[in-house]
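Undergrad: Sequence first, predicted model second:
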Amino acid sequence: MSAAYTTRVKAVGGRSGRVESEDGILALDLAMPKELGGKGGATNPEQLFAAGYAACFENAVIHATRKSETKIRDEDIVVVGEVGLSANSSGGFVLSVTLEIEIAGVDQGTANDIVAAAHQICPYSNAVKGNIDVKLKVSTK
């Protein structure tokens, strides 16, 4: 299967380096978070993952309602992505994710159903399924 979209990003210097996309639109310095003993002051891979997952999931919510009577628009939804980094039992590290999804204009049951459908559609959700603990917190406004 061919990809609908492909991007390339180069990382140099690890957690204290820099990332840059081949088109130059993304160009960021990286720093180890102070909480992990670093100097902070720049973004880190966990923030980038949280941002990407939140934005992608928001679009998956909209996509999940395209063929239904209840349509969710960009201005109806806010997704906050939280990524945790923890040590595992084998000396490595694991990620955890919490997505806080707030949808306007629907009742709680409808919001829950929409988010469940979006979780099946979202490429980030599909990529981490069975590998990363993902919690979905759904609310309405």
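TA: Yes, it's here.

Undergrad: Quick check: which element contains Glu20?
TA: Here Glu20, judged by DSSP states H and E, is contained in strand 18-21.

Undergrad: mind checking the SS state of Val106?
TA: Three-state call for Val106 (DSSP: H, G, I helix; E, B strand; the rest coil): coil.

Undergrad: Per-residue pLDDT of it, please?
TA: Per-residue confidence for Val106 comes out at a pLDDT of 97.

Undergrad: Spit out the contact partners of the residue most central in space within the chain.
TA: Most central in the chain under CA atoms, centre = their mean is Tyr53, positioned 1.4 Å from the mean C-alpha point. Residues near Tyr53 by CB atoms under 8 Å, 6 or more residues apart in numbering: Gly81, Val83, Val97, Leu99, Cys122, Tyr124. C-beta here means a position set from N, CA and C on the backbone, and glycine is covered the same way.

Undergrad: In helices, which of these fall?
TA: Here DSSP state H is the test, and the contacts of Tyr53 give Tyr124 as lying in helices.

Undergrad: just curious, which of the contacts of Tyr53 is nearest to Met32?
TA: Val83 (15.1 Å; CB to CB).

Undergrad: I'd say the closest one and Leu95 touch.
TA: Yes: applying CB atoms under 8 Å, one finds Val83 in contact with Leu95, separated by 5.9 Å.

Undergrad: Since that was my last question, I'll sign off now.
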